[in-house]
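A.B. asks: Fold the following.
(chains A and B)
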There are 2 protein chains.
Amino acid sequence: MNLHLKTASNEELRDRLAELRVRYEEYKERDLHLDMSRGKPGSEQLDLTLPMFESLTSKDTYLTQTGFDTRNYGLLDGIPEAKVLFADLLGVSPDNVIIGGNSSLNMMFDYIATAYTKGVCGNEPWSRQGAVKFLCPSPGYDRHFAVTEYFDIELITVPMTEQGPDMDVVESYVKDPLVKGIWCVPMYSNPDGITYSDETVRRFAALKPAAPDFRVMWDNAYCVHHLSDEPDTLLNIFDEAHKHHSEDLFVEFVSTSKISFPGAGVAALAASAKNIADIKSRMAVQTIGHDKLNMLRHVRYFKNADGIVEYMKKHAVVLRPRFELVLSMLERELGGRGIASWHAPRGGYFVSVNVYEGTAKRTVKLLSEAGVVLTGAGATYPYGNDPADSNIRIAPSFPPLEELQVAMEMFCLCAEIAALEVILG
Amino acid sequence: MNLHLKTASNEELRDRLAELRVRYEEYKERDLHLDMSRGKPGSEQLDLTLPMFESLTSKDTYLTQTGFDTRNYGLLDGIPEAKVLFADLLGVSPDNVIIGGNSSLNMMFDYIATAYTKGVCGNEPWSRQGAVKFLCPSPGYDRHFAVTEYFDIELITVPMTEQGPDMDVVESYVKDPLVKGIWCVPMYSNPDGITYSDETVRRFAALKPAAPDFRVMWDNAYCVHHLSDEPDTLLNIFDEAHKHHSEDLFVEFVSTSKISFPGAGVAALAASAKNIADIKSRMAVQTIGHDKLNMLRHVRYFKNADGIVEYMKKHAVVLRPRFELVLSMLERELGGRGIASWHAPRGGYFVSVNVYEGTAKRTVKLLSEAGVVLTGAGATYPYGNDPADSNIRIAPSFPPLEELQVAMEMFCLCAEIAALEVILG
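C.D. replies: Below is the predicted model:
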């Protein structure tokens, strides 16, 4: 098992490959159907939030603290108590918050769609400025990249480091006025689980993009999704931006999709007064308002930001053994063998593995043929194109532990087979 | 009181105006705050649906009939049982239905946004086809007009008749390939309460627009919102379109905003297979899915389309006295006096009154200064411009009956004052 790919003889490698192929065929005969493809909470996590539905019944009042009936039309940007809740969670003022529907992705899509079609804060629409571009720290979130790709915006790969996006590269690109923004998951990034360092956040706050309509899509999706007792910490981007008067550059997104229910949670954004007014001018045409009863349900259940932070410890109890399993399997099977590397995240939803260069697609294919579904290899890069064909995103949250165990055995097996195939030529 | 504006002498008119002004000042001193501006259900109606929240509690199952956990991500276009519910309501196949979020307006906005930015079913985006235009039967719904205006699409007023939009005018305009669509509220139209006649629906189905990307926005917002025991009937647009192979021309919208809760209901659309595929291709980038728990809540509560139809009779019981009051006040105060005309609707949410030509703005202003808020005069026309300055939309659903009585006394008073002012010059 301690065979190292760089030091072993060709004969040893060939024997090893033959042995692994026998094991692979044995797994294949078991007709497995395992899914580690998406960051979906498991049913044990979903059960945690069920009592929420007891907090809004026909005996309750449906009035906000300001006396507004949440069952009716009105309050375009959300009920006041939901604004307070999310403002506290993000460390901003409630005036800088807009509450959306169930999907922060939808809010991001709408933001990009507006920028493209109508322009940002009175600027010319991106669609009329020529070949505009967007920075995509990679590996990153495929659905982010897809939004900008949908609008034919050119996607530019920016390398991720252990501190966040490579800021030298970012600072260089933003000198181009056609570069209009960047996708960021600053805490427990998707998929690496990296939290941007203080220096990285400060360099973002100090950015001086050439484009007046440059925007940082600060998707703080995992802001309270800690797995460890010693969680990462992230500087407040608006506090830092304030020091440079650069608040207008940032639009921050958040949701309870992985706090309460995916698809039935509440999404929100935080932005400067100028951006909030700009966003509301579209919203006023787009809808009469989002689901205020669901906002009220969430506020009644979680009460405040501290309530959410406390509540997330229950999720951590469910998720931690899954991450521990994934990481210990990787370490036991592939550790120190020249086959793969990974980052051990202290929060979020993913473990990002870099397998032997040129083998990510082959590994995912081997797994798929044996009944284990992963996110497509390359999905974490713009246009689905991972130049090293190396990165694979593992989502450990959804399968039950015993299935995850089998899926990870398979993963390690297939990653090694693929590596041996390449080395042996 | 039976003074007719056309036959009375100038002196009689002057005396009458003086008398009415005294009464107006008396009302003004009462410091009223009455609102007949928007089609908001009253709290008595909202109370009707509260038991819905007892139909989805922590003891229930959250699986669809196909075994999908509605609490998690997935099912982009809605849960199967919601599709069946809305399909039955609209008389189409579930395959032709997409379930949205809480707002049919948002689905319409997204449809127009896609047509404008990306194009309809592979056609060139409207934004790249020059000065595209949209037909707006008027008086109509201000929020419809606002969506197309937002995208700088030229709005063309089409007169409403007692049978629906003037189809001679529509048929003439659609010969222009720059005319890209038309807004329709085919049943109990907003604000007239007119249901399109069979002939009108058939002429829509037989339309042969020059533009291959022409679309009829068939907003069936009031499809089950009857007030009378002898409700209007509307032909099924897709059945008629089928006879002409014109199904692709129509996208039908519906929601439970005025069935369950405004803002916390469920919206849906129905369209041809070709249009459904086109719409889903955007949705897949825009969101992971809408609120399936709210869909399930609605299906569990209403059970099926018949359940909704039966349920709407409860709403009618609450709404009917309000409409009767409005119509009887209009008749008593203004009937046969050459001041105003109106249509008595058998469903929907509005009474549309045409006051004396050139006095709608003045009437609304007089009312506003005395504490009665109406929809802005002109709002029912493109660009807020009613060429005759005559149409005013009354929304009787929201105020309690006693307030509605006072508001309508005021309305009739102010309409007459404004008319007398114009006649006396």
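A.B. asks: Tell me where chain A has strands.
C.D. replies: A:34-36, A:97-99, A:133-138, A:154-161, A:164-165, A:179-184, A:215-219, A:250-255, A:267-271, A:340-342, A:351-355, A:372-374, A:391-394 (DSSP state E).
A.B. asks: Do a quick rundown of the helices in the stretch 301-425 of chain A.
C.D. replies: With DSSP state H, counting those that start in this stretch, the ranges of helices along the stretch 301-425 of chain A come out as A:305-334, A:360-369, A:401-424.
A.B. asks: closest one to residue A:179 among the ones you listed?
C.D. replies: Residue A:179 sits nearest to helix A:360-369 of all the helices of the stretch 301-425 of chain A, at 27.9 Å, using C-beta to C-beta. Glycine gets a C-beta too; all of them are placed from N, C-alpha and C.
A.B. asks: Show me what the closest one is packed up against.
C.D. replies: strand A:372-374, strand A:391-394, helix A:401-424 (3 or more C-beta pairs under 8 Å, 6 or more residues apart in numbering or on different chains; DSSP states H and E).
A.B. asks: among these, which is nearest chain B?
C.D. replies: strand A:372-374 (13.5 Å; C-beta to the nearest C-beta).
A.B. asks: quick one: is that closest one near chain B?
C.D. replies: No - for strand A:372-374, no contact with chain B is found by C-beta under 8 Å from any C-beta of the partner chain; the gap never falls below 13.5 Å.
A.B. asks: So what's the gap between that strand and the chain middle?
C.D. replies: 19 Å (C-alpha atoms, centre = their mean, to the nearest Å).
A.B. asks: Is it possible to get TSV of the strands of chain A that adds distance to residue B:120?
C.D. replies: What follows is these, written out as TSV (distance: least, C-beta to C-beta, whole Å):
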stretch	distance to residue B:120
strand A:34-36	35
strand A:97-99	30
strand A:133-138	26
strand A:154-161	25
strand A:164-165	38
strand A:179-184	26
strand A:215-219	28
strand A:250-255	30
strand A:267-271	28
strand A:340-342	45
strand A:351-355	39
strand A:372-374	34
strand A:391-394	35
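A.B. asks: Just send the ones you listed back as TSV, with mean pLDDT, mean neighbour count and distance to residue A:63 too.
C.D. replies: TSV is the format used below for those (pLDDT from 0 to 100; neighbours: other C-beta atoms under 10 Å in any protein chain shown; distance: least, C-beta to C-beta, whole Å):
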stretch	mean pLDDT	mean neighbour count	distance to residue A:63
strand A:34-36	89	21	43
strand A:97-99	98	25	17
strand A:133-138	98	25	43
strand A:154-161	98	18	46
strand A:164-165	98	26	43
strand A:179-184	98	26	38
strand A:215-219	98	25	33
strand A:250-255	98	24	25
strand A:267-271	98	26	21
strand A:340-342	97	19	50
strand A:351-355	97	24	45
strand A:372-374	94	22	46
strand A:391-394	96	26	44
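A.B. asks: Mean neighbour count, the helices and strands packed on helix A:360-369: which tops it?
C.D. replies: Among the helices and strands packed on helix A:360-369, the stretch with the highest mean neighbour count (mean count of other C-beta atoms under 10 Å in any protein chain shown) is strand A:391-394, at a mean of 26.
A.B. asks: Among the strands of chain A, which comes closest to residue B:314?
C.D. replies: Of all the strands of chain A, strand A:97-99 comes closest under C-beta to C-beta, at 30.7 Å.
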